[in-house]
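1. structure for the following, please:
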Amino acid sequence: MIDMKDFACLDLTGKTISGWSVGNKIDNKDTTAKYSLFYEVTKEGQQAIMKVLNYEQCHNGPLDGAKDRDSLISRETSAFHFESELAEACTGNHMGNVIRYLERGTIEIQDYVIKTVSYIIYEMSEGTISEFLDFSTKSSFVANLGVLVDKLKSLHQVAKGVKQLHTHLIAHHNITPQSVEVFEGNSLYKIGGLQKSRTSQAVLHTPVAAKLFDGDYTFAPPEAYFNYKLSEEMDTYFQIDTYMLGNLIVYYLTNMNLTTLIDQKCPNTLLDWASKGAKYPEVLPDIIKAFNETMDEIEMAICDKELRQDIIEIIEGLCHPDPVQRGYPRGLCKVQANADLQRVLTKLDILYKKAKRTLYLKKP
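-> Numbers count the residues shown, from 1 in each chain. Now for the predicted structure:
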């Protein structure tokens, strides 16, 4: 085992990399980015965040499913460089609701055993959405119309970011509150956390994944537990995004996630079913039943009756447990149309403006 002090990536504070002055480390709260370190950086008055491949974790951490140490290092190095290429491609395609990449590179710093520092520099956000959401009234799902207006505005922009990715044949694959970055005084929202993304091989070569889904299982669609795939790989990834976007809506409204709510109503937990070898089509009827019961509860808890049905329609369409039926509105969209998400965007925009108008009319 190599001593921690021998890794350059752990000791960047006070150094200058490509003209960027490196400040303090930032706590990594993203459990799906455990092979990364984060530093504050500044250049010519611009603040940014530098994401660095954690070579110490690669060398000294658990094998994490890899057959040996060399395989783990190769896997995580390939994944990091894929993210850096993907981030550059997203910015080059002017995706306004996807976090903006500024620079990437790999350098060596002398006087360390492991000299290599691989880095990506992103624009600095004010935090993730989980730090900004108002859940002060947890006894009900949405008790304050003003709070609902702000949440619908954020969801519309997040959906726009997902659509921008899908338009360029990129699936985010890990849409959670930790991947929604906040800018401009909690008025601009972008998708970040690109490390688990999947792309069409015609766009960019995606590293081979050991399993269908390796993001945050708390927010994953039910089929991810069973490694259940559609016939086309990108269709599978798009449908995972579709569910996770709908699940994010549920989280905004409830401070819980739909997968957990469904799990609580099933005869067995998803994990138990999957670990015992159940096939997804076999348990799907029970999952659909639990899903429908959960949606009934959410519908009755939404504060504004005029908005209730439209919100539920969006969630039901995005999150149907059968990925073949997933889309909005249900029954009208095929898989490729789901990836477009334009109808969801339009509906969220209408809901936001309607809620904003209702709030204005209710003011004394």
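
2. how about the residue nearest to residue 316 when sequence neighbours are not counted, what does it touch?
-> In space, not counting the residues next to it along the chain, residue 316 is nearest to residue 295; the distance is 5.8 Å by C-beta to C-beta, 6 or more residues apart in numbering. To be clear about C-beta, it is placed using only N, CA and C from the backbone, and glycine gets the same treatment. For residue 295, the contact set (C-beta atoms under 8 Å, 6 or more residues apart in numbering) comprises 312, 315-316.

3. then residue 102?
-> 48, 121-123.

4. now stretch 44-58: how far from the chain's centre is it?
-> What separates the centre of stretch 44-58 from the centre of its chain is 20 Å, taken as C-alpha atoms, centre = their mean, to the nearest Å.

5. got it, and stretch 252-267?
-> Centre-to-centre, stretch 252-267 and its host chain are 17 Å apart (C-alpha atoms, centre = their mean).

6. who touches that stretch?
-> In this structure, residues lying in contact with stretch 252-267 by C-beta under 8 Å, 6+ apart are 133, 135, 138, 141-142, 148, 151, 154-155, 217-222, 246-247, 250-251, 269-270, 273, 283, 286-287, 289-291, 293-294, 297-298, 301-302, 311, 315, 319, 321.

7. narrow those residues to those in helices?
-> Secondary structure defined by DSSP state H assigns 148, 151, 154-155, 246-247, 250-251, 270, 273, 283, 286-287, 289-291, 293-294, 297-298, 301, 311, 315, 319 of these to helices.

8. narrow those residues to those that are buried.
-> 148, 151, 154-155, 246-247, 250-251, 270, 273, 283, 286-287, 290-291, 294, 298, 311, 315, 319 (16 or more other C-beta atoms under 10 Å).

9. which among the contacts of residue 102 end up buried?
-> When the contacts of residue 102 are checked against 16+ other C-beta under 10 Å, the ones flagged as buried are 48, 121-123.

10. what's the farthest-apart pair in the residues you listed?
-> By the measure C-beta to C-beta, 121 and 123 form the most distant pair in the buried ones among the contacts of residue 102, at 8.5 Å.

11. any common contacting residues for the two?
-> When contacts are counted by C-beta under 8 Å, 6+ apart, residue 121 and residue 123 are jointly contacted by 48-49, 102.

12. can you redo those residues as JSON lines with pLDDT?
-> Below are the shared contacts of residue 121 and residue 123 laid out as JSON lines (pLDDT from 0 to 100):
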{"residue": "48", "pLDDT": "98"}
{"residue": "49", "pLDDT": "97"}
{"residue": "102", "pLDDT": "98"}
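
13. closest to residue 279 among those residues?
-> Proximity of these to residue 279 was ranked by C-beta to C-beta; the top entry is residue 49 with 42.6 Å.

14. what sits against that closest one?
-> By C-beta under 8 Å, 6+ apart, residue 49 lies in contact with 26, 38-41, 121-125.

15. that one in helix, strand or coil?
-> Three-state call for residue 49 (DSSP: H, G, I helix; E, B strand; the rest coil): strand.

16. need phi/psi at residue 169.
-> Main-chain dihedrals, residue 169, degrees, to the nearest 10: phi 60, psi 40.

17. pLDDT below threshold where in the stretch 1-150 of the chain?
-> By pLDDT under 70, the weakly predicted segments of the stretch 1-150 of the chain are 1, 135-143.

18. one more time with 80
-> 1-4, 134-146 (pLDDT under 80).

19. all helices for it, in order.
-> Taking DSSP state H, counting those that start in this stretch as the criterion, the stretch 1-150 of the chain contains helices spanning 55-60, 69-92, 145-167.

20. need these in CSV with distance to residue 108, can you?
-> As requested, the helices of the stretch 1-150 of the chain are arranged in CSV below (distance: least, C-beta to C-beta, whole Å):
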stretch, distance to residue 108
helix 55-60, 12
helix 69-92, 14
helix 145-167, 33
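
21. now residue 308, what's its secondary structure?
-> helix.

22. is residue 91 in contact with residue 85, as I believe?
-> No: Residue 91 is not in contact with residue 85 according to C-beta atoms under 8 Å; the separation is 11.2 Å.

23. looking at the helices of the stretch 1-150 of the chain, which is nearest to residue 129?
-> Closest to residue 129 of the helices of the stretch 1-150 of the chain is helix 145-167 (C-beta to C-beta; 6.4 Å).

24. which strands and helices sit next to the very next helix or strand once past that closest one?
-> In the C-terminal direction, the helix or strand that comes right after helix 145-167 (DSSP states H and E) is strand 170-171. In terms of contacts (3 or more C-beta pairs under 8 Å, 6 or more residues apart in numbering; DSSP states H and E), strand 170-171 is packed against strand 198-199, helix 233-254.

25. mind putting these into a markdown table with distance to residue 355 and mean pLDDT?
-> Putting these into a markdown table (distance: least, C-beta to C-beta, whole Å; pLDDT from 0 to 100) gives the following:
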| stretch | distance to residue 355 | mean pLDDT |
| --- | --- | --- |
| strand 198-199 | 34 | 92 |
| helix 233-254 | 12 | 92 |
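
26. report the contact partners of the most centrally placed residue in the chain.
-> The centre of the chain sits closest to residue 175, judged by C-alpha atoms, centre = their mean, with a distance of 2.2 Å. Remark: with contacts taken as C-beta under 8 Å, 6+ apart, residue 175 is in contact with 158, 162, 191, 219, 241, 244-245, 247-248.

27. ranking the residues you listed by neighbours, who comes first?
-> By neighbour count, taken as other C-beta atoms under 10 Å, the most surrounded of those turns out to be residue 244 (30 neighbours).

28. which helix or which strand is home to the closest residue in space to that one that isn't next to it in sequence?
-> In space, not counting the residues next to it along the chain, residue 244 is nearest to residue 175; the distance is 3.9 Å by C-beta to C-beta, 6+ apart. For residue 175, there is no helix or strand it lies in under DSSP H and E.
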